[in-house]
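Novice: Structure for the following, please:
(one chain, ligands or ions: 1)
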Amino acid sequence: MSKPIFVLNGPNLNLLGVREPHIYGHETLEDVRVRCESRARALGHDIVFRQSNHEGDLIDWVQAARTEACGLVLNPAGYGHTSIALLDALKSLDIPIVECHLSNPAARESFRHHTYVSLVATGVVCGFGPAGYELAIEAVCGLAAKP
Ligand code: CA2
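Specialist: Residues are numbered from 1 along each chain as shown. You can find the predicted model right below:
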């Protein structure tokens with residue numbers, strides 16, 4: 001079995017399905033985890049699925065992904081727009097990185113139009129809601145090195 005795909009989620013995504021359903025929909029983060037797990041399993045991969053509201057946790061997990069993961073799906077949430085520290089951690093990876101957003105940040109406020117993560121992402125999936133995570137998993141599975 002190859003290394004798992006890390007699926008990391010940034011601040012406030014624990015509120016998914018609880019607040020702002022008009023933007024982010026009604027599914028919870030647990031629903032998203034189940035989608036990711038079943039799509040990855042169907043493609044022969046395991047996942048490690050995590051969320052934190054703390055920048056340092058996300059950086060620690062990105063660093064762990066360097067040796068423990070075959071690919072990374074990252075919804076950095078607000079930190080994507082602000083965190084050079086997260087960008088620096090991502091630069092240490094040589095595995096596929098797929099940036100994933102539920103909404104389409106380009107269609108929203110101008111402060112969401114730039115993400116530092118995009119500078120190092122292999123690709124970006126956005127605007128498809130929770131289904132975008134499955135597309136991101138598929139992309140990583142297609143790109144990840146076979147064991
Ligand atoms: O569309 C996305 O996935 C975002 O990464 C979500 C971030 C936002 O800052 C990005 O620009 C785009 C916000 C995550 C907050 O998630 C919530 C979910 C439900 C209720 C409240 C916040």
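Novice: Run through the residues of the chain sitting next to the ligand.
Specialist: 12-13, 15-16, 19-20, 24, 75, 77-78, 101-103, 105, 112 (C-beta under 6 Å from any ligand atom). C-beta coordinates here come from the backbone N, C-alpha and C atoms, glycine included.
Novice: which residues touch the helix or strand of the chain with the lowest mean pLDDT?
Specialist: Across the helices and strands of the chain, mean confidence by mean pLDDT, DSSP states H and E is lowest for helix 21-24: a mean of 88. With contacts defined as C-beta atoms under 8 Å, 6 or more residues apart in numbering, helix 21-24 is touched by 16-17, 102-103, 129.
Novice: For this structure, just list every one of the strands.
Specialist: For the chain, applying DSSP state E gives strands covering 5-9, 47-51, 71-75, 97-101, 123-126.
Novice: and those strands, which is most packed in?
Specialist: Of all the strands of the chain, strand 71-75 carries the top mean neighbour count, a mean of 27, counting by mean count of other C-beta atoms under 10 Å.
Novice: which of the residues of the chain next to the ligand are buried?
Specialist: The neighbour-count test (16 or more other C-beta atoms under 10 Å) marks 13, 16, 24, 75, 77-78, 101-103, 105, 112 as buried among these.
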